[in-house]
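Enquirer: Sharing a sequence plus its predicted fold:
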Amino acid sequence: MKYVSEFRDAELARAVSAEIASVTDPERHYKVMEVCGGHTHTIYRHGIKDLLPDQIELVHGPGCPVCVLPMGRVDEGISIAERPEVIFTCFGDMMRVPGSKGNLLEVKAEGADIRMVYSPLDALRIARENPDREVVFYAIGFETTAPSTALTLQRAKKEGLENFSVFCNHVTIVPPVRALLDSPDLRLDGFVGPGHVSTVIGCRPYEFMSEDYGKPCVVAGFEPLDLLQSVLMLMRQIGAGRCEVENQYSRIVPWEGNLAALKSMAEVFELRPYFEWRGLGFIAQSALKLSPAYADFDAELRFSVPGVRVADPKACQCGEVLKGVLKPHECKVFGTACTPERPLGALMVSSEGACAAYYNFGRKSFEKVEIGSKV
Amino acid sequence: MLPVSHCTLDHDGCVVCSDAGIPLRVVSIEGDDALCEDSAGNRASVALELVAPVRVGEILLTHGGVAIGKVEPDAPYLVPEARATEGRTR
């Protein structure tokens, strides 16, 4: 039971697939959103879509923080990185996200000291090793990543490290989902909830989906059978007229979340009044900034970040894809002007972005469909 | 091989995606950090404060060098039951 193979067992996958088909109403169309980019990746990497009946449409949600980051925030990060006294640190995928005048990789090539780190704790180590330089960490991510930034800042404060600061772009998962549910563009039947975000926040924050909007939600793991079973659990709820939050990923996700992580975040962060999301616009209380107790570590205050708003390139339809209105391959520049090698939009940059997942794993099947449909 | 996921320290997809969690087994503990090992034998230091107390041999879910959860060894695995049973709530 406890081994990876159990979660990739082909025979079992076929059995679950058959069970899903048996509870699917052939006269009905179902729209299910997987909120997390990691799930999108699993769906295309393992061909989950082919195991589902045609009546079930999977819609990709806004759960990739790189993809939802507006271009203005990329530009602001670059403006900090270009300062001569700064060592700018960030996760690998951020390096290639295009700002209005280029990306961090290009700025690094022009001489800026930009270093890729795996953990914010690596940035802290760099700060210790370079006391005469300003070390800035580009913090980005949902509630899975925010605790690591919080813990890093708590350690920095404890050590009295004065040359370390954080450019905070952490976002929270519930407000954008609520914004999607309020959107007239999209009619959804249920949600596959993000597994590892829920390790931190638990399952209770999703109860509004069922209570306020009448939509079921199943928090899911990331192996192929995790996803298949989550879809089965959703379909059974819909079929029985139930509307609940269920936890498929109970081997990892406690119902109440990680209380120590939540406490750490509550000490270090506070909610921003509003934050801009690519494709979704400004959403109230949807992002985190450093609390007054940690203001000394806030790069936005230390370097006077201007707060510029930059529009996406006209050809880029990331916004529509993020809202689930368009499928990635329906974007007019998908696979032509916008590819993983030369991305126009963030959805093609991040390996968890819906467009990158489609391009890398699903492109051929769309081509087949299109060829078939023309004949 | 460790349970839970195919993720390893050298193949974790996109850490920024925020939902890449890597299961690691605790090898040794020193203060607030532990030396941990993934299913491929890669080792890394992981901060423990958010899941303390931790024992050697436990399996942690880690993200960006910080442990954010523990794998619940007694939690029932749902997949084998998926053939016939209802999904559990809570």
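Expert: That came through, no problem.

Enquirer: Pull the number of nearby residues for the closest residue to chain B within the stretch 1-150 of chain A.
Expert: The nearest approach of the stretch 1-150 of chain A to chain B comes at A:Ser119, 2.8 Å away (C-beta to the nearest C-beta). All C-beta spots, glycine's among them, are computed from the backbone N, C-alpha and C. Counted with other C-beta atoms under 10 Å in any protein chain shown, residues neighbouring A:Ser119 total 26.

Enquirer: so what's it up against?
Expert: By C-beta atoms under 8 Å, 6 or more residues apart in numbering or on different chains, the contact list for A:Ser119 reads A:Ser148, A:Thr152, B:Gly64, B:Gly65, B:Val66.

Enquirer: so of these, which ones are in strands?
Expert: B:Val66 (DSSP state E).

Enquirer: Dump the contacts of A:Ser119 to a markdown table, plus distance to A:Gly38, pLDDT and neighbour count.
Expert: Below are those laid out as a markdown table (distance: C-beta to C-beta, whole Å; pLDDT from 0 to 100; neighbours: other C-beta atoms under 10 Å in any protein chain shown):
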| residue | distance to A:Gly38 | pLDDT | neighbour count |
| --- | --- | --- | --- |
| A:Ser148 | 17 | 95 | 26 |
| A:Thr152 | 23 | 98 | 27 |
| B:Gly64 | 14 | 88 | 30 |
| B:Gly65 | 18 | 91 | 23 |
| B:Val66 | 18 | 94 | 27 |
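
Enquirer: who touches A:Tyr274 in this structure?
Expert: Residues in contact with A:Tyr274 (C-beta under 8 Å, 6+ apart) are A:Phe282, A:Ile283, A:Ala284, A:Gln285, A:Ser286.

Enquirer: Help me confirm that the second one is found in a strand?
Expert: What it means is A:Ile283. Yes: counting by DSSP: H, G, I helix; E, B strand; the rest coil, A:Ile283 is found in a strand.

Enquirer: give the contact list for it.
Expert: A:Pro175, A:Pro176, A:Ala179, A:Tyr274, A:Phe275, A:Glu276, A:Trp277.

Enquirer: Got the confidence number for B:Leu60?
Expert: For B:Leu60, the model assigns a pLDDT of 92.

Enquirer: Can you give me every residue that contacts A:Val107?
Expert: A:Ile78, A:Ala81, A:Glu82, A:Ile114.

Enquirer: burial measure for the residue lying closest to A:Gly72 once chain neighbours are set aside, as a count.
Expert: Nearest residue to A:Gly72, sequence neighbours excluded (C-beta to C-beta, 6 or more residues apart in numbering or on different chains): A:Val310, at 4.4 Å. Residues lying near A:Val310 (other C-beta under 10 Å) number 16.

Enquirer: thought A:Val310 was touching A:Ser79?
Expert: No: at 11.9 Å, A:Val310 does not count as touching A:Ser79 under the criterion of C-beta atoms under 8 Å.

Enquirer: could you pull out the strands for chain B?
Expert: Counting by DSSP E, the strands of chain B are B:22-30, B:33-37, B:43-47, B:59-63, B:66-70.

Enquirer: A:Asp132 in helix, strand or coil?
Expert: coil.

Enquirer: For it, which non-adjacent residue is closest in space?
Expert: A:Asn163 (7.7 Å).

Enquirer: which residues of chain A fall in strands?
Expert: Assigned by DSSP E, chain A shows strands spanning A:30-36, A:56-63, A:86-90, A:114-116, A:134-141, A:164-170, A:190-193, A:217-219, A:245-247, A:269-271, A:274-277, A:281-284, A:288-290.

Enquirer: would JSON lines of the ones you listed with mean pLDDT be doable?
Expert: Listed next are the strands of chain A as JSON lines, based on pLDDT from 0 to 100:
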{"stretch": "strand A:30-36", "mean pLDDT": "91"}
{"stretch": "strand A:56-63", "mean pLDDT": "84"}
{"stretch": "strand A:86-90", "mean pLDDT": "97"}
{"stretch": "strand A:114-116", "mean pLDDT": "96"}
{"stretch": "strand A:134-141", "mean pLDDT": "96"}
{"stretch": "strand A:164-170", "mean pLDDT": "97"}
{"stretch": "strand A:190-193", "mean pLDDT": "96"}
{"stretch": "strand A:217-219", "mean pLDDT": "97"}
{"stretch": "strand A:245-247", "mean pLDDT": "95"}
{"stretch": "strand A:269-271", "mean pLDDT": "98"}
{"stretch": "strand A:274-277", "mean pLDDT": "90"}
{"stretch": "strand A:281-284", "mean pLDDT": "89"}
{"stretch": "strand A:288-290", "mean pLDDT": "97"}
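
Enquirer: A:Tyr358 is nearest to which of the ones you listed?
Expert: strand A:56-63 (8.8 Å; C-beta to C-beta).

Enquirer: so what does that closest one touch, helix or strand wise?
Expert: Counting by 3 or more C-beta pairs under 8 Å, 6 or more residues apart in numbering or on different chains; DSSP states H and E, the packing neighbours recorded for strand A:56-63 are strand A:30-36, helix A:37-45, helix A:174-182, helix A:318-322.

Enquirer: just these: most buried one?
Expert: Among the helices and strands packed on strand A:56-63, ranked by average contacts under mean count of other C-beta atoms under 10 Å in any protein chain shown, first place goes to helix A:37-45 (a mean of 26).

Enquirer: Find the closest residue to chain A in chain B.
Expert: Closest point on chain B to chain A, by C-beta to the nearest C-beta, is B:Gly65, at 2.8 Å.

Enquirer: which phi and psi does the residue nearest to that residue when sequence neighbours are not counted have?
Expert: Leaving aside its chain neighbours, B:Gly65 sits nearest to A:Ser119 (2.8 Å; criterion: C-beta to C-beta, 6+ apart). Dihedral angles of A:Ser119 (phi, psi; degrees, to the nearest 10) stand at phi -140, psi 150.

Enquirer: confidence score at A:Ser119?
Expert: pLDDT at A:Ser119 comes out at 92.

Enquirer: between the contacts of A:Tyr274, which has the most around it?
Expert: Most surrounded of the contacts of A:Tyr274: other C-beta under 10 Å gives A:Ser286, at 23 neighbours.

Enquirer: Spatially nearest residue to that one, not counting backbone neighbours?
Expert: A:Pro175 (3.6 Å).

Enquirer: so how far is chain B from the one you found?
Expert: Using C-beta to the nearest C-beta, to the nearest Å, A:Pro175 is found at 15 Å from chain B.

Enquirer: That concludes my questions; thank you for your assistance.
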